[in-house]
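Trainee: Next comes the sequence, and after it the predicted model I'd like to discuss.
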Amino acid sequence: MAEEKQAAQQSAAQAAETAAQAEEATSEAQAASAEEQQTDLAKQVADLQAQIAEKDDQYLRAQAEIQNMTKRFAKEREGLLKYDGQDLAKGILPVLDNLKRALEIEVTDESGQQLKKGIQMVHDHLEKALQDHGVTEIDALNKPFDPQTSQAVQTVPVADGQTPDTVVQVLQAGYVLKDRVLRPAMVIVAQ
């Protein structure tokens, strides 16, 4: 019996040891599984944070693009409104030039005087209409030559009382629409 008792004790000890080993293995497996889960969760959190940062960046870029487009459209609209009628004004300038040439003709008879008076009235009304819409003549005569608003087609020697680089004659009037040159003045400059 003593042997049986010893065998039973050994068997119980082995069973306890096996149970302890199994419990230890289970707890190690659970710890490893928990660490894996924690690593996976940390990876998922990092991925989600990267996606959020990317979406935030895309959102901010889209907002900036919308603001830039709005500003650009407003500027274009302002430019269109500011220079509205530019093509029409350019088309009317030769008509105004012809009216000025007609007014330069000397007439002696009564019917010629009446015709010239009518041409003068048309000229004045047309000039006023252009001025009302921001189109003005460039005043270049006896002023320093400005290549931004005038085009020198000829030069002449400086005469007494003139300063060099001064416009001495305007061959064709130039015009500006607000601050934009529609047509430069064609001038003769003293050199």
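Mentor: Received, thanks. Numbers count the residues shown, from 1 in each chain.
Trainee: Can you list the low-confidence ranges for the chain?
Mentor: 1-4, 7-8, 22, 25 (pLDDT under 70).
Trainee: Any idea how many residues pack against the spatially closest residue to Gly85 that is not a sequence neighbour?
Mentor: Nearest residue to Gly85, sequence neighbours excluded (CB to CB, 6 or more residues apart in numbering): His133, at 5.8 Å. Every C-beta, even on glycine, is put in place using the N, C-alpha and C of the backbone. Neighbours of His133 under the rule other CB atoms under 10 Å: 15.
Trainee: Assign the residue most central in space within the chain to helix, strand or coil.
Mentor: Centroid check for the chain by CA atoms, centre = their mean gives Arg72 as the closest residue, at 4.4 Å. Here Arg72 is recorded as helix under DSSP: H, G, I helix; E, B strand; the rest coil.
Trainee: For Arg61, see how far away it is.
Mentor: In this view, Arg72 and Arg61 are 16 Å apart by CB to CB, to the nearest Å.
Trainee: now swap in Thr163 and tell me
Mentor: As for Thr163, its distance to Arg61 is 58 Å (criterion: CB to CB).
Trainee: now do Asp132
Mentor: Asp132 is 46 Å from Arg61, by CB to CB.
Trainee: so where do the helices sit in this protein?
Mentor: Counting by DSSP state H, the chain has these helices, from start to end: 2-82, 86-104, 110-132.
Trainee: Residues contacting the last one, please?
Mentor: Okay, so that is helix 110-132. 89, 92, 95-96, 99-100, 102-103, 105, 107, 136-137, 175 (CB atoms under 8 Å, 6 or more residues apart in numbering).
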